[in-house]
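Undergrad: Sequence unavailable; structure follows:
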C-alpha cells in the first residue's frame, strides 16, 4: 500500500515547516509532533504510515522514541526514517539498530527524502 499519511516528530518549528511543505506539495497528508512525549498514543490514534524522526529533542531523544515505537506490537510495522543533524556513521548505525528503516542527515535534500519514501511505499 502506498504511503499517504506521514508523522513528523521534530522539536524545531522551522524543520517541521520545511518537511511539511515538501511532503504536502508531493501530495502527502502530514501531522506533526514537537517531541516524543505521548507519541505512542498519538500514533495509535492517527495511524500514520511513515514517521520522520528527529534525534536531538527535549525529553526522550529520537533513538529512544524509535525504540519504543518499534517494540510496541501496535506500532512496530510503521517505518521510521530518522532525520537528524547527527551525521556520524555510528549515529546512523545506532539509529538503524533502534529499528529505523533509514537515516537522513540534515539539511534534508527534498528529492532524496521523496525517493526514500517512494522506495518504502
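TA: Here it is on my side, so go on. Note that the structure is a prediction, hence the values are computed from the model and not measured. Numbers count the residues shown, from 1 in each chain.
Undergrad: Centroid-nearest residue for the chain?
TA: residue 52 (1.4 Å; CA atoms, centre = their mean).
Undergrad: So what are the sheet partners of the host helix or strand of it and their directions?
TA: Element membership for residue 52 (DSSP states H and E) is strand 50-53. The pairing partners recorded for strand 50-53 under DSSP bridges are strand 5-9 (parallel), strand 80-84 (parallel).
Undergrad: which residues of this protein fall in helices?
TA: Applying DSSP state H to the chain gives helices spanning 13-25, 39-46, 62-71, 89-97, 110-120.
Undergrad: Bridge partners for the nearest residue to residue 102 once chain neighbours are set aside, pull those for me.
TA: Distances taken as CB to CB, 6 or more residues apart in numbering put residue 81 closest to residue 102, at 4.5 Å, once the chain neighbours are dropped. For the C-beta atoms, the positions are set from N, CA and C on the backbone; glycine is no exception. Under DSSP bridges, the beta-bridge partners of residue 81 are residue 52, residue 102.
Undergrad: picking that back up, now mean pLDDT and mean neighbour count too, for the strands paired with strand 50-53, in TSV please.
TA: Shown next, in TSV, are those (pLDDT from 0 to 100; neighbours: other CB atoms under 10 Å):
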stretch	mean pLDDT	mean neighbour count
strand 5-9	98	22
strand 80-84	98	25
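Undergrad: No further questions, thank you.
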